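> this is a predicted model, with the sequence first.
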Amino acid sequence: MGEQKSILIIGGGISGITTAIEAAEAGYDTTIVERNPYLGGRVAQMFKYFPKLCPPYCGLEINFRRIKQNPKVKFYTISEVESISGSEGDFTVNIKVNARYVNEKCTACDKCVEACPAERPNDYNFGMDNTKAIYRPHDMAFPMRYVIDEQACKGSACSECVKVCKYGAIDLDMKPSTVELNVGSIVTATGWNPYDATKMENLGFGKIKNVITNMMMERLSAPNGPTKGKIKRPSDGKDVQSIAFVQCAGSRDENHLPYCSAVCCMASMKQATYIRDKNPESKVYIFYIDLRTPGKYEDFLRKVQSDENIEMIKGKVAKIEEDSDGGAIVTAEDIVGGGKVHQKVDMVVLAAGMESALKNNGLVSTIKTEESSFAISEGQAAGIYVAGVAGRPNDVTTSVQGATGAALKSIQSLVRR
Amino acid sequence: MSESKLGVYICTDCGIGESLNIEDLQKIAKAQICRTHSFLCSQEGAQIIRDDINNEGVNKIVVAACSQRVNYDVFDYDPLKYVTERVNLREHVVWSHPPNTEETQAMAEDYLSLGITRASKSETPEPKITDLNKTILVVGGGVTGLTAAIEAAKAGSQVVLVEKEAELGGWSKKMYKILPTKAPFAELEKPAIDSKIAEAEGNENIKIYTATTIRKISGEPGMYDVTVEKGGSEETFTIGAIIYAIGWKPYDASKLDNLGYGKFKNVVTNVEMEEIALNGKIARPSDGKPAQSVVFVQCAGQRDEAHVPYCSSVCCNVSLKQAMYVRESNPDAGAYIIYKDMRTPGLYENFYKAAQDDEGIFLAKGEILGIEEEADGSLLVEVNNLLLGKTVRIKADIVVLATGMLTNMIPEDYEVNNLTPEYIGTITKKETTDGVTEELEPVPISLNLSYRQGPEMPHLKYGFPDSHFICFPYETRRTGIYAAGAVRHPMDALQASADAAGAALKAIQCLELTSQGKAVHPRSGDQTFPEFRLESCTQCRRCTVECPFGVLDEDEKGRSIHTVAAAVVPVWAPVLRGSLISRITVLI
């Protein structure tokens, strides 16, 4: 038997990390390619998990620790797969490694951030605050290494960061590089992006300041978020007293996402507990089509329903309008109670659905997808597998199950050789 | 590890040198090699450590500098040869405490001592079992077990599959058609179970026992002794890890007397509806009359604390599927689905839509108020239709109860909503010298483990044996035993197949790590192992009772026992399961 080939994993979110470390601990070499400057994907942006309401970073930290201790896991951040050729057991993959402008000498001392005069919207917090042009992706980022946003950086004309870095860790002339890898199998774990909420014009996102998305709500509630965990409405910083959750914002809608995103019911109920925990007087209204809390999640539904300050209304939201005092008025038909509801609230959270990150992605020529851009499970080229939400909308635990299975499948491609 | 040699390296950069008395720190280290550097993570600094490794034979490296979150790739030494310990003097001490105080110095010294102690007591991995067996035992021959066996064999493993029934295939063998498994998730598919059975039977790396039960399993990962019984004769063999795929059973519909099951012949369960479909036409059980109208009652017991408190996840899809049977059998027939919430998550929305597009399938959110039988065997179903806001009566030839799934972990005569915590069993009262005490006696189900804690897997709630639900769905308190499929969560065959592959990976991984003497998750990468000073054992039995992983066992007959971990133990003492030890977390 020749040298054992490695497994390429596209995407370093919870699914990709899981596939990599599970295969590595079974004895196989793995390489993760991640577009962000950090690993952890969407999970790294979550405040709590449902149904346990525990911190998602806990599990990520355990996995990062496993990665750090395991020489069989390699990863590239701020990188993209440019091309894939070859076949099972012998794929050639070209990876573009974008410039971080900060090298391995960085000790994460933060002196550069103090010196940097330029700012950029913080994409980790969905633009709800700013970072400097040189920044740490977020407090717990792994790898713990700073990065420069080349769009925001004033370049060598400024060089304030270079001047204060006594370690010589900043290289403003760093260039992107290309890495060619020969791998035996490929796992697609590209995950998802939140559906663009501005597309649903009747819901006012982008026009009404106090209409936000569910992912923004995660950041708004997290202690390392833009408001340090205080749930304040974006327009004027007022403490939120009443909040409406609009389910199926895009999902289950032929004009937007024809499928169900599988997690939003649980996510909104979870977020209802965020505001209820932080503000005992607060009122919550959840507008839904069906409450989808499969399996043991039913216990969580029961728990949320037992809170009298949380009201659930079966009905699709027709429109959201801004009130004169900055609040929002949600109009929906109450299907069970009958009649139209006009509910005034301080803030509205749109349970925006999951869109496959394979949509409009150059990989689609190699990774076969169905009409909504989710990777198909059967019918991929031999040696190419799918993990997590790249395949279909799912929660974390189902994604991790699938990602562990994908680790086995990708190993089979190596063993067969 | 041959000779252990410690090297301690203290970085003085990032404020450490200005805030602490480094000389005093060096004295604490008491190491033969203890160096300081003003920029340890620089190439020059890292080279000092590499030189000591190469020239001085240092193999235990303590880096007292920044958090292990930073520069882990600079101080990265082959864990098979070296023990590396990071002591966080920067974030945990000088960045968060006042400089040059007695307390801050003491804190730094404590952290350093802890790190040195941990490094000293850590060992590079060495196999603890020499004749490790890598065969995987799959318990259960339904879709999950068969998939697990096939997937594990494809990855190069030997597999033994044990099924208690005479026939393989489980519930999948009893289905007329199955839910869509591929995009666009809109059309029913023919069962694929026969080809799966043929694939398993034809695989020379899979040995199959049918009509066989497990009498006893003892041992630990890499060396379980399994005794099985088939037709009265017993056989014993050794295996390395176990995939536990014993599946599910339907909730007993006779407990749903308000829905007329057992009273009216034409009220059937969704399981029985598959039998009807397999027999040909969808016809009434009472008289064989082809069905013109079929009512499906969703959540027949599920989402009800008096019956099955959880949702069974699959029943909405199953009823949609069976409604299509009705329409296929008789294009003039109507199928009515009465639901609480329609749960077709993810891409199964397409399946829901396909059913909605059929003019003969009617869906309504509602509550069943009552079911009555008419003289000819027809049924009158009274429904509070919540969408219309009024009560309607539907005449039906057949009423199908969408009953829920219970894990097969629940033995006969046990209630899913009233199980003893942690281990399924009965509470018995015992007379002791301290008076009457209550004791839980776990019941054997299918594994029959010879473990102190009980013969089966622990459960969290409702009998499901998973131990961590979100980040690590395969985490288990019986290391080496991995549950998969509907035994641990209500799921459809597609998800169960994915789950089976995951469990197979974990079984293979456990054996791989054990063969190298490494700890498995949740301790993977940890190089510390506890040692038990059995000569000081007072036989209090706290350890054997409390260890959640069942690592320690006791010899109740008072004999000395030879084990892997300890050659000879005193008259009564905890018996250690050698490689299971890797699950104990050592706090230092």
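Yes, it's here.
> please parse the chain into its domains.
All of this is about chain A. Per the record, chain A has its domains at A:6-98+A:176-191+A:357-415, A:111-164, A:196-353, by automatic domain parsing.
> actually it's chain B I care about, not the one you picked
B:6-121, B:136-247+B:441-516, B:251-407, B:534-583.
> so which of those domains is nearest chain A?
When the domains of chain B are compared by C-beta to the nearest C-beta, domain B:136-247+B:441-516 sits nearest chain A, at 2.9 Å. (Glycine included, C-beta is placed from N, CA and C.)
> wait, what's in contact with the residue lying closest to A:G326 once chain neighbours are set aside?
Once flanking residues are discounted, A:G326 sits nearest to A:S235: 4.6 Å by C-beta to C-beta, 6 or more residues apart in numbering or on different chains. Taking C-beta atoms under 8 Å, 6 or more residues apart in numbering or on different chains, we find A:S235 in contact with A:209-210, A:326.
> swap in B:K263?
B:257, B:373.
> A:I367 now?
With C-beta under 8 Å, 6+ apart, A:I367 has these contacts: A:188, A:358, A:375, A:380, A:384, A:386.
> hang on, the earlier thing: how about JSON lines for the domains of chain A, with mean pLDDT added?
Listed next are the domains of chain A as JSON lines, based on pLDDT from 0 to 100:
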{"stretch": "domain A:6-98+A:176-191+A:357-415", "mean pLDDT": "96"}
{"stretch": "domain A:111-164", "mean pLDDT": "96"}
{"stretch": "domain A:196-353", "mean pLDDT": "96"}
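> name the member of the contacts of A:I367 with the most neighbours.
Counting neighbours by other C-beta atoms under 10 Å in any protein chain shown, A:T188 comes out on top of the contacts of A:I367 with 31 neighbours.
> among the domains of chain B, which is the most enclosed?
Among the domains of chain B, domain B:136-247+B:441-516 has the highest mean neighbour count (mean count of other C-beta atoms under 10 Å in any protein chain shown), at a mean of 22.
> which strand or helix spans the residue in the stretch 1-150 of chain A positioned nearest to chain B?
The nearest approach of the stretch 1-150 of chain A to chain B comes at A:G59, 2.9 Å away (C-beta to the nearest C-beta). Per DSSP states H and E, A:G59 falls inside helix A:56-69.
> one step back: just the contacts of A:S235 now: which is nearest chain B?
A:N210 (28.8 Å).
> what about the closest residue to A:Y57 other than its chain neighbours, neighbour count?
Closest residue to A:Y57 apart from its sequence neighbours, by C-beta to C-beta, 6+ apart: A:M140 at 5.7 Å. If you count neighbours by other C-beta under 10 Å, A:M140 ends up with 16.
> I figured A:M140 hits A:P223, correct?
No: A:M140 lies out of contact with A:P223 (C-beta atoms under 8 Å); the separation is 11.2 Å.
> residue numbers of the stretch 51-200 of chain A in contact with chain B?
Residues of the stretch 51-200 of chain A lying close to chain B (C-beta under 8 Å from any C-beta of the partner chain) are A:51-52, A:54, A:56, A:58-60, A:62-63, A:65-66, A:68-71, A:104-105, A:107-109, A:140, A:142-144, A:167.
> so in the chain, which strand runs the longest?
Since no chain was named, I'll use chain A. Using DSSP state E, we find that the single longest strand of chain A is strand A:177-188.
> you answered for a different chain; I wanted chain B.
Under DSSP E, chain B gives strand B:361-373 as its longest strand.
> same for that strand, what does it pack against?
helix B:315-329, strand B:334-339, helix B:349-356, strand B:379-385 (3 or more C-beta pairs under 8 Å, 6 or more residues apart in numbering or on different chains; DSSP states H and E).
> can you do 10 Å?
Judged by 3 or more C-beta pairs under 10 Å, 6 or more residues apart in numbering or on different chains; DSSP states H and E, the packing partners of strand B:361-373 are strand B:293-300, helix B:315-329, strand B:334-339, helix B:349-356, strand B:379-385, strand B:390-396, strand B:398-403.
> can you check what angle separates it from strand B:334-339?
Relative orientation of strand B:361-373 versus strand B:334-339 (axes from the mean of the first three to the mean of the last three C-alpha atoms, to 10 degrees): 90 degrees.
> which neighbours in the sheet does strand B:361-373 have, and how are they oriented?
strand B:334-339 (parallel), strand B:379-385 (antiparallel) (DSSP bridges).
> okay, and the helix or strand of chain B with the least pLDDT?
strand B:574-576 (a mean of 50; mean pLDDT, DSSP states H and E).
> what is the burial count for whichever residue of the stretch 251-400 of chain A sits closest to chain B?
Across the stretch 251-400 of chain A, no residue is closer to chain B than A:E370, which sits at 3.4 Å (C-beta to the nearest C-beta). Neighbourhood size, A:E370 [other C-beta under 10 Å]: 20.
> assess the claim that B:P548 and B:E422 are in contact.
Yes: here B:P548 lies in contact with B:E422, judged by C-beta atoms under 10 Å, at a distance of 9.0 Å.
> quickly list what's touching both of the two.
B:453, B:458, B:477 (C-beta atoms under 10 Å, 6 or more residues apart in numbering or on different chains).
> show me which of the residues you listed neighbour chain A.
Filtering the shared contacts of B:P548 and B:E422 for proximity to chain A by C-beta under 10 Å from any C-beta of the partner chain leaves nothing.
> so which strand or helix has B:Y224?
Here B:Y224 is assigned to strand B:223-230, by DSSP H and E.
> how far is that strand from where the chain is centred?
22 Å (C-alpha atoms, centre = their mean, to the nearest Å).
> which residues in chain B form helices?
B:16-19, B:22-29, B:43-51, B:102-121, B:143-154, B:193-202, B:270-278, B:315-329, B:349-356, B:493-516, B:542-546 (DSSP state H).
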